[in-house]
Every structure is written in C-alpha cells, then in structure tokens.
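K.L.:
Quick one: sequence plus predicted model below, questions after.
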Amino acid sequence: MYKHMLIEKIAQELAMGKAVKQSDGYLTRCPCHNDTKLSLRLKLTAQGDLRATCEDGCKNIDIRNKLREWGAPFSDLTANDAPLVPMVRNRFYDSTLVGTYAITSSQLAAMEFVSSRYFISPFLYAKSISMVHAHPGVGKSMVVHGICSALTRENPEGLMIGPWEIINGCGVLLVDGELPMSDLKKRLSLISKGLGGEHRRNRLLIFASVDLQAKTGEPINLTMVRYREEITNHFRRHPEYRVLVLDNLTSLTDGMNENTKTAWAPINRWLLQLRNMGVATILVHHSNKSGTDRGHSSIRDNLDNIISLKRVKGASVDDVHITAIFEKGRNLLPGEGKDVELKLIKDEQGGLRLVCPQA
C-alpha cells in the first residue's frame, strides 16, 4: 500500500495534480522532455517493481534517473516494459563497492582537504546545516533576518551580529513561509539601517510564500519535489549564492507529519544534496512544549548546529531579549558554545541591531 501511495504522489506532482489514474497505474507528465500530453505510464508489477514507459520514446536510463530525483525509492526502475534490474530480494552482494571506494586509515591520513569557508564564526560555514528554534514570538526570525542582512552587505567582513562575526559575505536565498512582503520590507529595512552601509545589489534574494500564493494561487511547499528542485537549480545556476534560509519549517512543509521519520526523509535527502553542493542551510523551527525543537528526532540527526532561543526572564512580549543556547555544535571549539545573551535595540538613527547587553 505504501508503494502505491508513493507512486500516486510522484505521478500527481509530475503532472501538477492532473495525472490520470488507470486500472494498473497512472498516466503522468514525462520529466525527460517538454511533455504536454501525459506521455509517461507508471505502474507497479505484481512483484512490486516499478515500470515506467514513455510513449514518446525517452531513454530508459533518463527516465530512471529523473524518477529517482522525484523520490522513487526503489533500487532500480524498469522502463519500456523491460526490467533493468529487478528489486532486490534476499540477494547476496559481493564487496565491490567496499573494495572500490573504502580507504585505509593511512590513505585518509595522507589526504589533504580544503578548509570549510566560514561565513559567520563559529557556526555558519560551507556545507553546514543548522537549526534555530524557539517558541512563537521570541524573535527567531529577527535573528535570521539580521544574519541575512549582514551577509549581503557591501564589505560585510567584521560586522557583528551580537557576538558572532561575519567572516565572509555571500549571496543569500531567504525562503519565507509566513510574512507578507510589506512586513518583510519594513523589518529588513530597519535591520539594514541598523547595520549601516548598503546591500550589495542582487545579493539577498527573497522567495516569499505569501507573495507566490497571491500571484499563482499556490504557496511554497517543500514536501513537493518541484519546489525543492527550483531552489536546488537556483544554487546550481548562481554559485555566488551560498546560504539558504528556510523560515520556517512548519509553514514551508504544509501537510507533512513532522513526527514521523518517513515524512522527513525526502527533505533530509534534499538538505544533504545541498550540502554536497557547498550550500550552508539554516532551518528556522518552532520549539515544543518542553523547549526542544518540534518533531521527530531524526530531524536532528544530520544537523551540524542547533541553537535554541529562549526569552530572558522578565522580558516583555514586544522586547526581543533572548538567550542563545548551543544544543549541538559539531565543529565548535572549547569556549565557542557558551550561552549568549542577545537584545534587539533601536539606535539613534532608528535602525535595529542585535547586541550583547552584557558586553
């Protein structure tokens, strides 16, 4: 039943919800060519193998690779009604993969690696996946908006976001799931004013779900493959963009059961793909009642950094006065993971800045 449900989901996503159900499968859009007539036939055999046939003659290998990108979870796909390799069932493998790709400890010791490029010391660097979580209204979006604005300034090196120093600036893609564009404009304008200087042209790109829904009728939903592909392709085409901010996870994954590992798995694979491309990702998420991040524990597994934001005792609702607590930090050195108090202040020019009030 799980496989049938997954094939239906893939078929509908390929056809933008217009796949045609048949007695033995689905007719959907072929991802290998500009398909306007639903040329791809998907069906499961009695043995549980997936068959994929393109009526316009797309190649077997191209269909297989594309369907894997769209989430088909099989060891191999069959196409044109001729199985490539049947699904694995009680098969013993030889150790060719181990023999080919595993290395000895001596070989590892002799290897040289390029140090990861840091954007913000000590936690934001190339290929890192970080989470910032807090209860609603604490100020998590204000913190990440400050990060976005600082990274995209002209000559940002040396700027401070509270205790954290900008080491290298870069392009940032901010994917927002909640705020209207008018609110984003007002907030980013005040933060930009507090930092001083100017944004580097076209360096901060804002992809807002509310704006997209107003224009297309559909919000951003990262559970759907096409939205993940759009974001991935942006980083492929524009290497000057190196940081992705997803604010926030709940708003951007509508319909996902965040309490199950299976539901999180496609998002996790996508984040690892972005990591392999050198992209640093910040996930903004809600805290649960106990104060940890909400959802299944598997969400934490591949994260390099987890920062919890908690309102300082006595701070009012309209006062962003928080303590940043590192709950996880894979590459933090001794002393770098200390709790930090942050406060959003309004300067003499009317701009907003995050500072350390105890410094």
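P.N.:
That came through, no problem.
K.L.:
So which residue is dead centre in this protein?
P.N.:
In the chain, the C-alpha closest to the average C-alpha coordinate belongs to L271, at a distance of 5.0 Å (Cα atoms, centre = their mean).
K.L.:
was I right about it contacting I299?
P.N.:
No - using Cβ atoms under 8 Å, L271 and I299 do not qualify as a contacting pair, with a distance of 10.0 Å. To be clear about C-beta, it is placed using only N, CA and C from the backbone, and glycine gets the same treatment.
K.L.:
Least confident secondary structure element in this structure?
P.N.:
Using mean pLDDT, DSSP states H and E, the weakest-scoring helix or strand in the chain turns out to be strand 78-79, at a mean of 42.
K.L.:
For Q12, the count of nearby residues, please.
P.N.:
Using other Cβ atoms under 10 Å, Q12 has 16 neighbouring residues.
K.L.:
which residues sit in contact with it?
P.N.:
If a contact means Cβ atoms under 8 Å, 6 or more residues apart in numbering, then Q12 has 18-19, 26, 28 as its contacts.
K.L.:
Let's see that with 7 Å instead.
P.N.:
By Cβ atoms under 7 Å, 6 or more residues apart in numbering, Q12 lies in contact with A19.
K.L.:
so which strand or helix has it?
P.N.:
In the assignment (DSSP states H and E), Q12 maps to helix 2-14.
K.L.:
For that helix, list every residue counted as buried.
P.N.:
6-14 (16 or more other Cβ atoms under 10 Å).
K.L.:
just stretch 162-174 next, same as before
P.N.:
Buried residues in stretch 162-174, counted by 16+ other Cβ under 10 Å: 162-164, 166-174.
K.L.:
Columns distance to L40 on top of these, output as a markdown table?
P.N.:
Written out in a markdown table, the entries for the buried residues of stretch 162-174 read as follows (distance: Cβ to Cβ, whole Å):
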| residue | distance to L40 |
| --- | --- |
| G162 | 51 |
| P163 | 53 |
| W164 | 48 |
| I166 | 47 |
| I167 | 47 |
| N168 | 44 |
| G169 | 44 |
| C170 | 38 |
| G171 | 35 |
| V172 | 36 |
| L173 | 31 |
| L174 | 35 |
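K.L.:
Just the closest of these to G194, please.
P.N.:
For these, the residue nearest G194 by Cβ to Cβ is G162; the value is 12.3 Å.
K.L.:
about what we covered before: could you pull up the residues touching the residue nearest to the centre of the chain?
P.N.:
Here L271 is in contact with 129, 281, 302 (criterion: Cβ under 7 Å, 6+ apart).
K.L.:
Return the member of those residues nearest to L195.
P.N.:
T281 (22.5 Å).
K.L.:
List the pairing partners of the helix or strand harbouring the closest one within its sheet, with orientation.
P.N.:
Under the criterion of DSSP H and E, T281 resides in strand 280-286. Its sheet considered, strand 280-286 pairs with strand 129-134 (parallel), strand 241-247 (parallel) by DSSP bridges.
K.L.:
if I look at T250, how far off is V317?
P.N.:
Distance, T250 to V317, using Cβ to Cβ, to the nearest Å: 21 Å.
K.L.:
neighbour-wise, which of the two wins?
P.N.:
Comparing T250 with V317 by neighbour count (other Cβ under 10 Å), the higher total belongs to T250, at 15 against 8.
K.L.:
ok, the more buried one - contacts?
P.N.:
H286.
K.L.:
Equivalent analysis for the one 10 residues further on, please.
P.N.:
Contact partners of T260, counting by Cβ under 7 Å, 6+ apart, are H296.
K.L.:
could we number from 826 for the rest of this?
P.N.:
Will do, 826 is the new start, and the previous item becomes T1085.
K.L.:
what residue ranges in this structure are flagged as low confidence?
P.N.:
For the chain, the stretches with pLDDT under 70 are 826-829, 872-873, 894-922, 924, 939-940, 1024, 1183-1184.
K.L.:
Repeat the analysis, applying 50 as the threshold.
P.N.:
827, 899-920 (pLDDT under 50).
K.L.:
re earlier: make a markdown table out of the strands paired with strand 1105-1111 and add distance to K891.
P.N.:
Compiled in a markdown table, the strands paired with strand 1105-1111 are given as follows (distance: least, Cβ to Cβ, whole Å):
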| stretch | distance to K891 |
| --- | --- |
| strand 954-959 | 26 |
| strand 1066-1072 | 23 |
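K.L.:
Make JSON lines out of those strands and add distance to L1029 and mean neighbour count.
P.N.:
Below are those laid out as JSON lines (distance: least, Cβ to Cβ, whole Å; neighbours: other Cβ atoms under 10 Å):
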{"stretch": "strand 954-959", "distance to L1029": "18", "mean neighbour count": "23"}
{"stretch": "strand 1066-1072", "distance to L1029": "10", "mean neighbour count": "24"}
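K.L.:
Show me the strands in the stretch 876-1025 of the chain, by range?
P.N.:
903-904, 943-946, 949-950, 954-959, 985-986, 989-991, 996-1001 (DSSP state E, counting those that start in this stretch).
K.L.:
could the ones you listed go into TSV alongside distance to S931?
P.N.:
Shown next, in TSV, are these (distance: least, Cβ to Cβ, whole Å):
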stretch	distance to S931
strand 903-904	42
strand 943-946	30
strand 949-950	28
strand 954-959	30
strand 985-986	42
strand 989-991	38
strand 996-1001	40
